[in-house]
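Undergrad: 3D model of this:
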Amino acid sequence: MIKFLPLIFIFLWSSAFITTKPIVDYSDPFAALSFRFFIVAMGFYFFSLFYKKKILVDAKNILPSISTGILFHGFYLGGVFYSISIGLPTGIAALIVTLQPVLTNALAGPILNETITWRKWLGVLLGFFGASLVLGFDIGKSLPLEGIIAVVVSLIAVTCATLWQKKISNKLPLSVSNMYQAIGGFLFHLLIIIFFIQKPFISFSTTFVIAISHQILLVSFGAFSILMFLIKNNSASKTVSVFFLIPPTSAIMAWIFLGENLDPIDIFGFIVATLGVYIATREKN
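TA: From the prediction side, this is the model:
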């Protein structure tokens, strides 16, 4: 079962791109994320209680988890949601964030002492090229500068979060660690609302409820838990390589569920990205 976790993660994480736009259409992005991670924190709290996990632990384990949550759920998701809410196309946001494995490979050596071979670099470059083919973008289109800056912050944050989570490797049970990370995300967005947002709002329409429920249940409880498990048990560079399959998988899902076009370039990009991920993650014989 464990060997299928990356595939399950790709499917669940990719599905989030389909529901992000409906969420920001019916809410302020930071209000939606604050609401989301309050529910997620409560969910992991009751889960930990039910399975009798120790929740009150020392600060040296709590603070690293909260800081990881601020990076993952705060800066990363906050930047992506905000950029899309002000008009940055989802494809461009996804393309910039997809640079994460490239940045992680560049930093994993000096920070984590991981060996980044030429084979991994080849796989990473092929993966990014394939993802770029799938995403594409209109170069002539006017893009909001704030959106570009926000998503670049997201890229830096998710890279730092991955490296930091791998480096600390605390001993907390997964559900307890995820609870504190969700608390970190909730507090981050709550502070953003208090100090920077004049009129936060959420319209609890049917569309919003379905979209946010999907992201809470399948992404925050499902995909994120799998990601934390993979980071703990694999190298950081190997773990993030699978992110290249997220844009093409999202494109296929949008084609199936939303009726969006899937042209030959998308299919070719999916094949190239898959080859790149295989090269970057396969075990050395």
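Undergrad: Excluding chain neighbours, what is closest to residue 262?
TA: residue 255 (4.0 Å; C-beta to C-beta, 6 or more residues apart in numbering). In short, each C-beta sits where N, CA and C put it, glycine included.
Undergrad: Quickly find the element holding that neighbour.
TA: helix 246-258 (DSSP states H and E).
Undergrad: what stretches of the stretch 1-150 of the chain score poorly on pLDDT?
TA: Within the stretch 1-150 of the chain, the ranges that satisfy pLDDT under 70 run 1, 134-142.
Undergrad: same deal with the stretch 151-285 of the chain?
TA: Ranges of the stretch 151-285 of the chain meeting pLDDT under 70: 169-170, 237, 258, 260, 281-285.
Undergrad: List the buried residues in the helix holding residue 255.
TA: Within helix 246-258, the residues scored as buried using 16 or more other C-beta atoms under 10 Å are 246, 247, 248, 249, 250, 251, 252, 253, 254.
Undergrad: how close does the last one sit to residue 242?
TA: Distance, residue 254 to residue 242, using C-beta to C-beta, to the nearest Å: 19 Å.
Undergrad: Then residue 195?
TA: On the measure of C-beta to C-beta, residue 195 and residue 242 end up 36 Å apart.
Undergrad: Compare neighbour counts for those two and give me the winner.
TA: Legend: neighbour count by other C-beta atoms under 10 Å for residue 195 and residue 242, higher for residue 242 (24 against 7).
Undergrad: and the gap between the more buried one and residue 176?
TA: Taking C-beta to C-beta, one finds residue 242 at 25 Å from residue 176.
Undergrad: Same check on residue 66?
TA: Taking C-beta to C-beta, one finds residue 66 at 12 Å from residue 176.
Undergrad: Of those two, which one has the most company?
TA: Between residue 66 and residue 176, residue 176 has the larger neighbour count (other C-beta under 10 Å), namely 24 against 21.
Undergrad: Just the element for the more buried one, please.
TA: Short version, using DSSP H and E: residue 176 is in helix 174-196.
Undergrad: after that helix, next one along is what?
TA: helix 206-214.
Undergrad: wait, isn't residue 95 in contact with residue 247?
TA: Yes: contact criterion C-beta atoms under 8 Å: residue 95 and residue 247 qualify, at 7.3 Å.
Undergrad: circling back: name the helices or strands packed onto the helix holding residue 176?
TA: helix 29-50, helix 59-69, helix 77-85, helix 224-233 (3 or more C-beta pairs under 8 Å, 6 or more residues apart in numbering; DSSP states H and E).
Undergrad: who's in contact with the longest one?
TA: The one in question is helix 29-50. Residues outside helix 29-50 that contact it (C-beta atoms under 8 Å, 6 or more residues apart in numbering) are 23-24, 27, 55, 69, 73, 77-78, 81-82, 84-85, 173, 175-176, 178-179, 182-183, 185-186, 189-190, 192-193, 197, 200-202, 208, 212, 215-216, 220-221.
Undergrad: Show me just the buried residues among those residues.
TA: Among the contacts of helix 29-50, those classed as buried by 16+ other C-beta under 10 Å are 23-24, 27, 55, 69, 73, 77-78, 81-82, 84-85, 173, 175-176, 178-179, 182-183, 185-186, 189-190, 192-193, 200, 202, 208, 212, 215-216, 220-221.
Undergrad: show me the contacts for the residue nearest to residue 12 when sequence neighbours are not counted.
TA: Closest residue in space to residue 12, ignoring its immediate chain neighbours: residue 223 at 3.7 Å, by C-beta to C-beta, 6+ apart. Neighbour list for residue 223: 8, 9, 12, 13, 16 [criterion: C-beta under 8 Å, 6+ apart].
Undergrad: Kindly report the same for residue 245.
TA: Contacts for residue 245 (C-beta under 8 Å, 6+ apart) come out as 10, 14, 127, 131, 270, 273, 274, 277.
Undergrad: Most neighbours among those residues, please name it.
TA: residue 127 (31 neighbours).
Undergrad: tell me which element that residue is part of?
TA: Here residue 127 is assigned to helix 118-135, by DSSP H and E.
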